[in-house]
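Student: take this sequence and fold it.
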Amino acid sequence: QVQLVESGGGLVQAGGSLRLSCVPSGRTFSSYGMGWFRQAPGKEREFVAAISWSGDNTYYADSVKGRFTISRDNAKNTAYLQMNNLQPDDTAVYYCNAVRDLRPRWDWGQGTQVTVSS
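Tutor: Got it, this is the predicted structure:
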């Protein structure tokens, strides 16, 4: 059974940066596309970014293009989300998951809270 463990969230001021990490324990993820999603209070969970299993292809929501960068290190079984120029609208709980066609494949983990103050 896969357990997704996200970390790296926190409280930052607008314009700041954070780097999120995701480790799927119990599963080697090198053959899976991986994605990040987020859920703000009172809103549905939404797609943020995804990366192919090889790392050759990346996909982003329009709202984060040019500010967020998704990456992966298959040797470390870890996916990352570098978030720059964070804005208050980025405040949410961030989740990672394996993806197929940009849709989640596994059960969700606990996520990591990102709070951006203005």
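
Student: now do the buried residues in stretch 26-39.
Tutor: Buried residues in stretch 26-39, counted by 16 or more other CB atoms under 10 Å: 27, 29, 32-38. Every C-beta, even on glycine, is put in place using the N, C-alpha and C of the backbone.

Student: try stretch 93-111
Tutor: Buried positions in stretch 93-111, judged by neighbour count with 16+ other CB under 10 Å: 93-99, 104, 106, 109, 111.

Student: and that stretch, C-alpha only, in CSV?
Tutor: Provided in CSV are the C-alpha atoms of stretch 93-111 (Å, rounded to 0.1, in the frame of the first residue of the first chain):
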residue,chain,number,x,y,z
VAL,A,93,-3.0,22.3,1.3
TYR,A,94,-0.7,20.8,-1.3
TYR,A,95,-0.8,17.2,-2.2
CYS,A,96,1.2,15.0,-4.5
ASN,A,97,0.0,11.8,-6.3
ALA,A,98,0.9,9.6,-9.2
VAL,A,99,-1.0,10.7,-12.3
ARG,A,100,-2.4,9.4,-15.5
ASP,A,101,-3.8,11.9,-18.0
LEU,A,102,-3.1,14.5,-15.2
ARG,A,103,-5.6,12.7,-12.9
PRO,A,104,-4.6,11.2,-9.5
ARG,A,105,-4.2,7.4,-9.3
TRP,A,106,-3.5,6.6,-5.6
ASP,A,107,-5.1,7.5,-2.3
TRP,A,108,-4.3,10.9,-1.0
GLY,A,109,-1.8,11.6,1.7
GLN,A,110,-2.0,14.2,4.4
GLY,A,111,-0.7,17.1,2.3
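
Student: avg pLDDT for it?
Tutor: The average pLDDT for stretch 93-111 rounds to 96.
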